Structures are given as structure tokens and as C-alpha cells.
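Novice: missing the sequence, but the structure's below:
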């Protein structure tokens, strides 16, 4: 083994190191997923009791980065073995890594949305109240995320607003259900204590 390693150039050793190390991490993550472990917590995933939630599509999750480096490393190993120049190796390896990263990021997003939806009926969220989790841009120019409680379960849903942007922590009320489970919200003005019959 040491003799084989000594026959490699410094560049080959770097690519082999990246490929082997991140392949092991990729395998450990896969095994962890089979056992129910959440290895993608850096993407903002968390649980609301029985539903794992991903707060929207993101490229930079732990799994997608590991996928990038795994494919980057193995592509480099193969191309260097074929005698390709370093510039071409770096370019092709980067493209293969980005492709793998994109696929993994998209699959994580799809799986998270399916897991989040479960048996939840989005119409149940209509007129429910909650607060902004990730800031919502103004005038439907983009989407943020809100926390609302439906049937005693905390839900995290993508949201847009028609008015001014809503920062994190803003109390909101759901006033509409749009396509693909996006909710339309408006800021909720808290009831003054003297008008609250429970106060």
C-alpha cells in the first residue's frame, strides 16, 4: 500500500485523499439516514415532534457539500489516471461535483417537503396565526417561512406577503393558500389587553 502511494504524484494523492475521505463520510451519512439520524442539521432542519422540516431549498447543506467533494475527488482520480492535464481535471471535476451537489440538494428539498406535508391539509392553515421564522420579502417578491400551529402541531410553511417585508418574529395571520403549499400572510396586530376577554 505504501509503495503504491509513493508512486502517486502529489496531485494524485490530494485527489485520492479527498475521494476516500468524503466517500467514507457519504457512506456514514447514508447509514445514519437508514437508522433515522438527521445528518443535515446545518441546513436548518429540525423537528416539530414527528415531522422533520427543511426550511426551504438550499444548496449548502452538509450532504450536498459532501456529495460535491466525493464526486470531485473521484472524477479527479479517474481523469488523472487517464493522463488529462490538471486544468481540465479541475474543470471537469468541479462540474461533476456541482452536478452531484445540485441533485442531492434538490432531492433533500423534495423529500423534506413530502415529509412536512404528510397527512396535513393546507386548507387547515387558513386564518391560523403564528409568526415569521425566516424573513418574508415585500410585495410577493420572494418567499420566507412561518411557524403556525394547526391541530396542536407546529407547522413550518413557505409564505409570501403582499405588503411590506416581514422580519423574523413578526406575528402573522394566514389569509390565503397559494400554489405548492405556499401561504399568503399578513401582519397580525396583537389584541390590546383591555379588549382581550381572557386577560
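Specialist: Happy to help now that I have it. Keep in mind that what you see is a predicted model, and the values were worked out from it rather than measured.
Novice: now do the host helix or strand of residue 105: which elements does it pack against?
Specialist: Assigned by DSSP states H and E, residue 105 falls within helix 86-117. When contacts are defined as 3 or more C-beta pairs under 8 Å, 6 or more residues apart in numbering; DSSP states H and E, helix 86-117 packs onto helix 10-34, strand 52-53, helix 62-81. Bear in mind the C-beta positions are built from the backbone N, C-alpha and C, glycine included.
Novice: after it, heading C-terminal, what element do we hit next?
Specialist: Per DSSP H and E, the first helix or strand lying C-terminal to helix 86-117 is strand 129-134.
Novice: what pairs with that following strand, parallel or antiparallel?
Specialist: Paired strands of strand 129-134, with direction, are strand 144-150 (antiparallel), strand 171-177 (antiparallel) (DSSP bridges).
Novice: give me whichever of those is most buried.
Specialist: Mean neighbour count (mean count of other C-beta atoms under 10 Å) peaks for strand 144-150 among the strands paired with strand 129-134, with a mean of 20.
Novice: got a list of contacts for that strand?
Specialist: 55-56, 120, 124-125, 128-137, 154-160, 166, 172, 174, 183, 185 (C-beta atoms under 8 Å, 6 or more residues apart in numbering).
Novice: on that earlier part again, which one, of the helices and strands packed on helix 86-117, ends up nearest to residue 4?
Specialist: Between residue 4 and the helices and strands packed on helix 86-117, the tightest spacing by C-beta to C-beta is seen for helix 10-34, at 10.0 Å.
Novice: what's that closest one packed up against?
Specialist: When contacts are defined as 3+ C-beta pairs under 8 Å, 6+ apart, helix 10-34 packs onto helix 62-81, helix 86-117.
Novice: many thanks, have a good one.
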